[in-house]
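build me a model from this:
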Amino acid sequence: MDFTSDSRQSTSLGGSASSPTGGDNADADIAVDNEQLRLLNLQDEKERLISQRNSLLGEVDHYQAQLDKPQQRSSAYDDDILLQDLLSSAQQVKSNSHVITIDGESDTLLELGSKHDTLPLLNMDTRLQLLKEKLYQNVTVQLENDLLLATFTLMKPFFTVQLRLEYSNDVLDECSVIEISDLVKWDLKALFAFKNPSKILLCCFEYDRIRFRVSRVWDYVMTDLENFNLIEMVKKKLCLELSRKDLSVLLTLSLELQFDSVVPRTDIAAKLFKAGKYVNIDDIKNGLIKEYGINLGLLKLCKTCLNL
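Down below sits the predicted model:
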């Protein structure tokens, strides 16, 4: 028998049986190569985007630095325009054959048209009007000869301050306080020593504003405590008294003023009496005001002292 053909046939069969396994390995290698290629492409895209972002951030910083720099004329063209304007203005001045005199009686628009400085206007009426409209609101000022009467109307009752202005050669030589309304005379007694009318009026203006604000604070506290029948409250000018007779407790809140400077320095004083004995609550008051603010801090102080 011839076994040669059988052995060759078995060999060829064995070889053909192993071919699918080799094909699978090749496909797997191709898939791995594709994943690595995709990963490399993504890494390149990431680096490109990061580089683009850094470039944009650099442009933003550059333009921001340009905006922060003071504006400067960078071209000779701007200098030429400025020079032409100056020459034109000089020619207009030479063409005017008459001289304009500006004094306190001149029209405001005429004075503004020829004004090239930052000094106050010479027209006193305009200056007073602007002061009343822009700075001293809720204040009426009457000037008659050497007497100035200022009425402060931010809250009722209104109060007045009268000043005497003494001039020497149209220059203010001396100022003195003649009269202050009895309502506030004690609070503003320090003004009698002042000689500057602007400082006196500003102090009165600030005092009126502070008086109004303190009144609002007292109203806030009283509104919250009015439902407690055991509490008696008395509101005065710059003072608020709260008492609880069943506990023999008296709490007094008052505003203290010091006119060391133009703007008065203020402080809210709190005094507590239990059975006639004084109790120091300054640290508690300061802590509550620092933590909750003036309105809520004082309200919590009142409730604590009155056992509410």
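
Asp85 - how many residues pack around it?
10 (other Cβ atoms under 10 Å). Glycine gets a C-beta too; all of them are placed from N, C-alpha and C.

any idea how far Asn295 is from it?
57 Å (Cβ to Cβ, to the nearest Å).

wait, Leu110 touches Ile100, no?
Yes. With contact defined as Cβ atoms under 8 Å, Leu110 reaches Ile100; the gap is 7.4 Å.

how much space separates Tyr167 from Phe159?
26 Å.

and what of Leu130?
24 Å.

between these two, which is the more surrounded one?
Phe159 (23 against 15).

quick one: pLDDT of the residue nearest to the more buried one when sequence neighbours are not counted?
Spatially, and ignoring its direct neighbours in sequence, Phe159 is nearest to Ser181 (3.9 Å; Cβ to Cβ, 6 or more residues apart in numbering). pLDDT, Ser181: 89.

report the contact partners of Ser181.
Phe158, Phe159, Thr160, Val161 (Cβ atoms under 8 Å, 6 or more residues apart in numbering).

with Ser243 instead?
Neighbours of Ser243 in contact, by Cβ under 8 Å, 6+ apart: Ile231, Glu232, Val249, Leu250, Leu251.

what do you get for Glu111?
Counting by Cβ under 8 Å, 6+ apart, the residues that Glu111 touches are Ile102, Leu121, Leu122, Asn123.

give me the buried subset of those residues.
Ile102, Leu121, Asn123 (16 or more other Cβ atoms under 10 Å).

so the second one touches Leu131, yeah?
No. Assessed by Cβ under 8 Å, Leu121 is found out of contact with Leu131, at 11.0 Å.

top of the contacts of Ser243 by number of neighbours, please.
Most surrounded of these: other Cβ under 10 Å gives Leu251, at 23 neighbours.

which residues does it bridge with?
Leu242, Leu272 (DSSP bridges).

now do the helices in the stretch 51-200 of the chain.
76-95, 108-113, 124-130, 197-225 (DSSP state H, counting those that start in this stretch).

pLDDT (mean, whole number) over the third one?
Taken as a whole, helix 124-130 has an average pLDDT of 76.

residues making contact with that helix?
Under Cβ under 8 Å, 6+ apart, the answer for helix 124-130 is Gly104, Thr108, Pro120, Leu121, Val141, Leu143.

filter those down to the buried ones, PyMOL style.
Command for PyMOL that selects the buried part of these, burial taken from 16+ other Cβ under 10 Å:
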select buried, resi 121
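
and the contacts of helix 124-130, which is the shakiest by pLDDT?
Within the contacts of helix 124-130, pLDDT is lowest for Gly104, at 71.

surely that residue is in contact with Pro120?
No. Here Gly104 does not reach Pro120: they are 10.9 Å apart, not a contact under Cβ under 8 Å.

shaky segments in this protein?
Within the chain, the ranges that satisfy pLDDT under 70 run 1-29, 69-79, 82, 86-87, 89-99, 261-262, 308.

per the record, what domains does it have?
Using automatic domain parsing, the domain parsing of the chain gives 98-135, 210-305.

got the contact list for Ile268?
Leu253, Ser254, Leu255, Glu256, Lys285, Ile289, Ile294, Leu298.
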